[in-house]
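Q: return a 3D structure for these sequence lines:
(one chain, ligands or ions: 2)
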Amino acid sequence: MSHVLAIDQGTTSSRAILFDAAMHPVHTAQTEFTQHFPKAGWVEHDPEEIWSTTLAMCRAALDKGGLSASDIAAIGITNQRETTVIWDRKTGKAIHNAIVWQDRRTADICAALKKDGHEAQVTALTGLLLDPYFSGTKVKWLLDTVPGARDRAKAGDLLFGTIDSFLIWRLTEGRVHATDATNAARTLLFDIRAGRWSEEMCAFLGVPTAMLPDVRDCDAAFGETTLLGGSIPILGVAGDQQAATIGQACFQPGMMKSTYGTGCFALLNTGDSPVCSDNRMLTTIAYQIGGQRAYALEGSIFIAGAVVQWLRDGLKIIERADQSGALARSADPAQDVVIVPAFTGLGAPYWDPDCRGAMFGLTRNTGAAEIAKAALESVAFQTRDLVEAMHADWAAEAETILRVDGGMSASDWTMQSLSDLLGAPVDRPVMQETTALGAAWLAGMRAGVYPDRDGFAATWALDRRFEPTLDAAPREARYARWKRAVAAAMSV
Ligand SMILES: Nc1ncnc2c1ncn2[C@@H]1O[C@H](COP(=O)(O)OP(=O)(O)O)[C@@H](O)[C@H]1O
Ligand SMILES: O=P(O)(O)OC[C@H](O)CO
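A: Ligands and ions are numbered 1, 2, ... in the order given. Model (predicted):
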């Protein structure tokens, strides 16, 4: 019983990571799976492939470590959030492909509800916006589109879940239909203050309550699986961005983490009462542990590391992502190129799905280095937008120190520019597997093999602190220029 198995079911890959008794990741198995794009703006996953890759990775991680079920104290699950599955209670088969969080097919439903003036009420209940990003309108679309689905759902024959619920159902072979509070908080169906499903939102979107999972704490018991060669309890569940918040030990109000993967998701812990945003941030549940709920303000940026992929695969000015920093460093400091990377619209705080990317400040001397610099800086400017909005919403007494993680946080150049443009320190931990660690800690703590919250927080270790090196005047001038560039891109 020396290890904990974390399942990290993400947007592009399924991973299983084994953590040892000292909470170190010791064996990892990972595989990508198929992305389906049936129409422009639609993104689907095959639930059977999500399940088969997840189970295969769990078995592969155990094999790599030469471990068996009896060595595993508990399983923790973390997952891509909002992605929606509806399945048949008897057969366990999904009635349609999963509709992924990136999918825009319900934009018209959202626009119509917004036009009718419903958004303020929806935000007050759920902390979210009327945007296709969230699960609620995806469930409505499925129930409206798949023949007979709504009647079957009303009769209790169909079940809804985000990916965590679907995996729990499969792992427990149909014995447990449950989710955790962080995943529930992303559905548009959950009353984040009362901590239960909102009958009002369910009625509003025509979602029968009979199909909803039981909502539990992140460190609750979610049943047991016997599919890995013996019985293992599932004792931890959190959406991936919340799991990273936990993994970064952001347990005090005012602590903030930002994860730089394909996109970027920043969460600011606001303590035990929800903060309503006047600046188009989301209000969400950061975690619910031992019956205690903490809330967060969240800002979601759609393009972060993806801008580096564009430098590599689109412009072909680098061969590998880790070359982007050196190229940016070689840029002519006299040129001030700005890139607004709105390749798929803009997320927080602008929420403009129709905006497209733009580049400003080009001269005859502009080359690959200046473009790489502007691309990396766009991530810093977008983070500054989120930090500004969060501070306007919630006047923290203490200075906010940002804890960073995700693939792009490996770039020293980007993290330094982030600190410079924020005018604040940026802390990068030694442990980069923060998302999986968050899920593993929840499960291991509940199983009694990992320390309590304070003990866990004490294990957080700094790899490097980036301190601002830019004076306030040039910093503010550059940020003002970014704001003008965004306004111009949105006006075209
Ligand atoms: N050294 C680096 N410099 C800049 N960007 C990087 C670097 N290493 C990885 N990235 C970017 O980070 C992203 C991958 O991060 P990851 O956390 O694995 O993302 P995801 O979980 O969304 O797949 C890619 O978009 C890649 O371009
Ligand atoms: O799977 P990721 O890392 O792309 O994260 C997706 C987010 O949970 C979407 O809200």
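
Q: up against ligand 2, what does the chain have?
A: 10-11, 80-82, 101, 239-241, 261-262 (Cβ under 6 Å from any ligand atom). C-beta: built from backbone N, CA, C; applies to glycine.

Q: now with 8 Å, please.
A: Taking Cβ under 8 Å from any ligand atom as the contact definition, the chain meets ligand 2 at 9-12, 79-83, 101-102, 133, 186, 239-241, 259, 261-263, 265, 300, 406, 435.

Q: which of those residues count as buried?
A: The neighbour-count criterion (16 or more other Cβ atoms under 10 Å) marks 9-11, 79-83, 101-102, 133, 186, 239-241, 259, 261-263, 265, 300, 406, 435 among the residues of the chain next to ligand 2 as buried.

Q: mind listing the strands the longest strand seen in the chain pairs with, and their directions?
A: Longest strand in the chain by number of residues, with DSSP state E as the criterion: strand 292-301. Partner strands and pairing direction for strand 292-301 (DSSP bridges) are strand 264-271 (antiparallel), strand 282-289 (antiparallel).

Q: which of the buried ones among the residues of the chain next to ligand 2 fall in helices?
A: Judged by DSSP state H, helices contain the following of those: 240-241, 435.

Q: save the residues you listed as JSON lines, and put in pLDDT and distance to Phe37 too.
A: Shown next, in JSON lines, are those (pLDDT from 0 to 100; distance: Cβ to Cβ, whole Å):
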{"residue": "Asp240", "pLDDT": "96", "distance to Phe37": "22"}
{"residue": "Gln241", "pLDDT": "97", "distance to Phe37": "24"}
{"residue": "Thr435", "pLDDT": "96", "distance to Phe37": "25"}
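
Q: distance check, the nearest residue to Gly345 once chain neighbours are set aside against ligand 1.
A: In space, and not counting its chain neighbours, Gly345 is closest to Pro353: 3.9 Å by Cβ to Cβ, 6 or more residues apart in numbering. Separation of Pro353 from ligand 1 (Cβ to the nearest ligand atom, to the nearest Å): 20 Å.

Q: neighbours of Pro353, just the number please.
A: 19 (other Cβ atoms under 10 Å).

Q: same check on Ser411?
A: Neighbours of Ser411 using other Cβ under 10 Å come to 22.

Q: ok, for it, nearest residue in space, not its chain neighbours?
A: Counting by Cβ to Cβ, 6+ apart, the nearest residue to Ser411 once its immediate chain neighbours are dropped is Gly325, at 4.7 Å.

Q: tell me the contacts of the one you found?
A: Contacts for Gly325 were tallied using Cβ atoms under 8 Å, 6 or more residues apart in numbering; they are 376, 411-414.

Q: state the distance from the closest residue to ligand 1 within the stretch 51-200 of the chain to Leu442.
A: The nearest approach of the stretch 51-200 of the chain to ligand 1 comes at Gln80, 9.3 Å away (Cβ to the nearest ligand atom). Look at Gln80 and Leu442: by Cβ to Cβ, to the nearest Å, they are 17 Å apart.

Q: run the chain-centre distance for the longest strand of the chain.
A: Remark: strand 292-301 is offset 11 Å from the chain centroid, using Cα atoms, centre = their mean, to the nearest Å.

Q: got the end-to-end distance for stretch 25-39?
A: 39 Å (Cα to Cα, to the nearest Å).

Q: how about that stretch: buried residues?
A: By neighbour count on 16+ other Cβ under 10 Å, the buried set for stretch 25-39 is 25, 27-29, 33.

Q: identify all contacting residues around it.
A: Contacts made with stretch 25-39 from outside it, assessed by Cβ under 8 Å, 6+ apart, are listed as 3, 12-20, 43-46, 49-50, 53, 56-58, 60-62, 64-65, 67, 97, 100, 105, 433, 436-437.
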